[in-house]
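Visitor: heads up, no residue letters with this:
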């Protein structure tokens, strides 16, 4: 399935999807940090691990997230995992951020999230920014050209 996903979207399509997901994740991390939350993953692509005060706060955030329609991950007693994907939108980011900031009696303004995603730099170390060999295979390129 993932192979056909790559063939369907092509090299540039996959790169664009991945770039958008990572930029949304970076935006989420930056905004959570501004609100006083700590993101613990040294390296990340689409998943953040957020430190919260204690189990009670984690459970409260998770309950608010469920009420807002989101399923976040409870990790041990004081961490929450957030994973984004190609269906994630700026509205999702705003809603999830507001779940976290609601704990502190604050809210995130949508206008703050209107900075173009392209302005957010990649936070992936070069060693993780691989260029898969399969994207350069002649067959893949030929299939992609037929679709266009």
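Guide: Sure, I can see it. Keep in mind the model is a prediction, meaning the values are calculated, not measured.
Visitor: alpha carbons only for contacts and neighbour counts from here, please
Guide: Fine.
Visitor: residues contacting the residue nearest the centre of the chain?
Guide: Nearest to the geometric centre of the chain sits residue 25, at 3.1 Å (C-alpha atoms, centre = their mean). With contacts defined as C-alpha atoms under 8 Å, 6 or more residues apart in numbering, residue 25 is in contact with 45, 46, 47, 48, 84.
Visitor: switch to 6 Å and redo it
Guide: residue 46 (C-alpha atoms under 6 Å, 6 or more residues apart in numbering).
Visitor: can you tell me how far it sits from residue 89?
Guide: Relative to residue 89, residue 25 is positioned 11 Å away (C-alpha to C-alpha, to the nearest Å).
Visitor: Just the buried residues of stretch 95-106, please?
Guide: 95, 96, 97, 98, 99, 100, 101 (16 or more other C-alpha atoms under 10 Å).
Visitor: next one: stretch 13-29
Guide: Within stretch 13-29, judged by 16+ other C-alpha under 10 Å, the buried ones are 14, 18-29.
Visitor: can you check stretch 80-97 too?
Guide: In stretch 80-97, counting by 16+ other C-alpha under 10 Å, buried: 80, 82, 84, 92, 93, 94, 95, 96, 97.
Visitor: I'd guessed the third one sits against residue 46; true?
Guide: Yes: under the criterion of C-alpha atoms under 6 Å, residue 84 makes contact with residue 46 at 5.3 Å.
Visitor: What ranges does this structure have for its helices?
Guide: 2-34, 55-68, 90-102, 138-147 (DSSP state H).
Visitor: pLDDT on the shortest one, on average?
Guide: This points to helix 138-147. Helix 138-147 carries an average pLDDT of 55.
Visitor: How about the second one?
Guide: Predicted confidence along helix 55-68 averages 96 (mean pLDDT).
Visitor: any idea of the pLDDT on the closest residue to residue 79 other than its chain neighbours?
Guide: Distance criterion C-alpha to C-alpha, 6 or more residues apart in numbering; nearest residue to residue 79, sequence neighbours excluded, is residue 51 at 4.7 Å. Note on residue 51: pLDDT of 97.
Visitor: what's the answer for residue 31, then?
Guide: What the model reports for residue 31 is a pLDDT of 89.
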